[in-house]
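Q: I'd like to go over a predicted model; first the sequence, then the structure.
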Amino acid sequence: MKIGLIRCRQTEDMCPGTMDFKIIREKKCAFEGVEEDIEIIGVVSCGGCPGKRAVTRAQEIVRRGGDTIVLASCITKGNPIGFPCPQAKQIKEAIEKKLGDKVKIIDFTH
């Protein structure tokens, strides 16, 4: 599995992503049951509110060999501040629409 992690730009100054990397490495939470090796091929932000750049960034991850897009928990669950992105559903749907069956999308990390 070659993943590209998309995170919330608004939480970059308070979260370096260490928990995301740990969860992926240890195959816990959203990665529980993944049997294959996991390679992180890129980490990008959504581009800032309202997240429109997430689609083109997901496309670039796939272009560079990614087969899975992971929306970090800062987007979908609001970790670490408890404020999920109000555009999370729309971002996911736009990525699905643009990339179709080319890619798997995972909704969260931890």
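A: The structure has been received and is ready for your questions.

Q: what's the nearest residue to residue 7 once chain neighbours are set aside in contact with, if anything?
A: The shortest distance from residue 7 to any non-neighbouring residue, by CB to CB, 6 or more residues apart in numbering, is to residue 72 (4.1 Å). (C-beta placed from N, C-alpha, C; glycine too.) By CB atoms under 8 Å, 6 or more residues apart in numbering, residue 72 lies in contact with 5, 6, 7, 8, 17, 20, 108, 109.

Q: most neighbours out of those residues, which is it?
A: When neighbours are taken as other CB atoms under 10 Å, the top entry among the contacts of residue 72 is residue 6 (29 neighbours).

Q: quick check: residue 4 touching residue 61?
A: Yes. With contact defined as CB atoms under 8 Å, residue 4 counts as touching residue 61 (3.1 Å).

Q: mind listing the helices in this protein by residue range?
A: If DSSP state H is used as the criterion, the helices of the chain fall at 18-26, 53-63, 73-76, 88-99.

Q: now do the same contact list for residue 66.
A: For residue 66, the contact set (CB under 8 Å, 6+ apart) comprises 2, 3, 4, 41, 42, 103.

Q: ok so, going back, between residue 4 and residue 61, who's got more neighbours?
A: Higher neighbour count among residue 4 and residue 61: residue 61, with 26 against 22, using other CB under 10 Å.

Q: show the pLDDT at that one.
A: Note on residue 61: pLDDT of 98.

Q: hang on, the earlier thing: most tightly surrounded among the helices of the chain?
A: helix 73-76 (a mean of 26; mean count of other CB atoms under 10 Å).

Q: how far out from the middle of the chain is that helix?
A: From the chain centre to the centre of helix 73-76 is a distance of 8 Å (CA atoms, centre = their mean, to the nearest Å).
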